[in-house]
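1. here are the coordinates; sequence isn't available:
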């Protein structure tokens, strides 16, 4: 019974941002849990490497190279996502950008870039994929929020605004779609070593200070996200929706 709760056998998942970092770690974890996974990102070569990694371990995975910042093209991307394994039961919105600009340096273009990829894309891609989930009466949407969904950090005004929006978007998605069997939740990672946080981890003093702020005394490792992501994607989380789960070692508790 317990194994079935955490199994994704027979399910199809789509993970955006699957070419690296958090998206790649989650995409790999869902494949290991039994899902057929479609990885979506701009960088086709890196996606190909991820597919090779998953399939060589016996998993099922395909790549879908796409520019997710093109909101008008998301309906077509949704069709491509569904072409190989069928329409996804699970959508993980992990693609994102953080330009790390001071408030005075933010331009209309950089603001638009951040808000569209981090906030608009998760909604409109979900909107395109939800009808198939609704037909099945079962679906999972997992967004990626942030410490900045709740707290302000230097050079994070646009990113923080987008991630604050993701937290509320998650609650609104839950209100709109959970009655049809589609749960909507978000993971809010603490400090994890990814491309988006490279500048933070390159500064040893800053990385150490962030680690000291946690309750467990260290920064995150990508494997720390695997369990929570699989939980939110499986039947184990049937009665969990509209929630933001902070996977931050207790950073926000102190």
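-> All right, it came through fine. Because the structure is predicted, anything quoted here is derived from the model rather than measured. Residues are numbered from 1 along each chain as shown.
2. from here on, contacts and neighbour counts on C-alpha atoms
-> OK.
3. distance between the helix or strand hosting residue 176 and the chain's centre?
-> Residue 176 belongs to helix 157-177 when assigned by DSSP states H and E. Relative to its parent chain, helix 157-177 has a centroid offset of 13 Å by CA atoms, centre = their mean, to the nearest Å.
4. Can you tell me which helices and strands the worst-scoring helix or strand of the chain on mean pLDDT packs against?
-> Sorting the helices and strands of the chain by mean pLDDT, DSSP states H and E puts helix 198-202 at the bottom, at a mean of 83. When contacts are defined as 3 or more CA pairs under 8 Å, 6 or more residues apart in numbering; DSSP states H and E, helix 198-202 sits against helix 204-213.
5. what's stretch 145-162 in contact with?
-> Residues from elsewhere that reach stretch 145-162 (CA atoms under 8 Å, 6 or more residues apart in numbering): 97-103, 106, 111, 114-115, 118-119, 163-167, 186-190, 244, 246, 252.
6. got the buried residues for that stretch?
-> 145-149, 155-162 (16 or more other CA atoms under 10 Å).
7. hmm, which two among these are most spread apart?
-> 145 and 155 (17.1 Å; CA to CA).
8. pLDDT score assigned to the residue nearest the centre of the chain?
-> By CA atoms, centre = their mean, the mean C-alpha position of the chain lies nearest to residue 94, the distance being 2.6 Å. We have a pLDDT of 98 for residue 94.
9. what do you get for residue 1?
-> pLDDT at residue 1 comes out at 59.
10. Could you pull out the helices in the stretch 51-200 of the chain for me?
-> Assigned by DSSP state H, counting those that start in this stretch, the helices in the stretch 51-200 of the chain fall at 74-81, 108-115, 121-136, 157-177, 198-202.
11. Can you give me the distance of the closest residue to residue 217 other than its chain neighbours to residue 244?
-> Closest residue in space to residue 217, ignoring its immediate chain neighbours: residue 211 at 5.3 Å, by CA to CA, 6 or more residues apart in numbering. The gap separating residue 211 from residue 244 is 21 Å, by CA to CA, to the nearest Å.
12. do residue 71 as well
-> Distance from residue 71 to residue 244, by CA to CA: 25 Å.
13. ok, those two, which is more surrounded?
-> residue 244 (22 against 17; other CA atoms under 10 Å).
14. and the nearest residue to that one once chain neighbours are set aside, how many neighbours?
-> Distances taken as CA to CA, 6+ apart put residue 186 closest to residue 244, at 4.7 Å, once the chain neighbours are dropped. Residue 186 sits with 28 neighbouring residues when counted by other CA under 10 Å.
15. From the centre of this protein, give me the residue that's furthest out.
-> Quick read of the chain (CA atoms, centre = their mean): farthest out is residue 104, 28.8 Å.
16. Who are the packing partners of the helix or strand where residue 25 lies?
-> Using DSSP H and E, residue 25 maps to helix 21-32. Packing partners of helix 21-32 (3+ CA pairs under 8 Å, 6+ apart): strand 12-16, strand 36-41, helix 44-56, helix 226-233.
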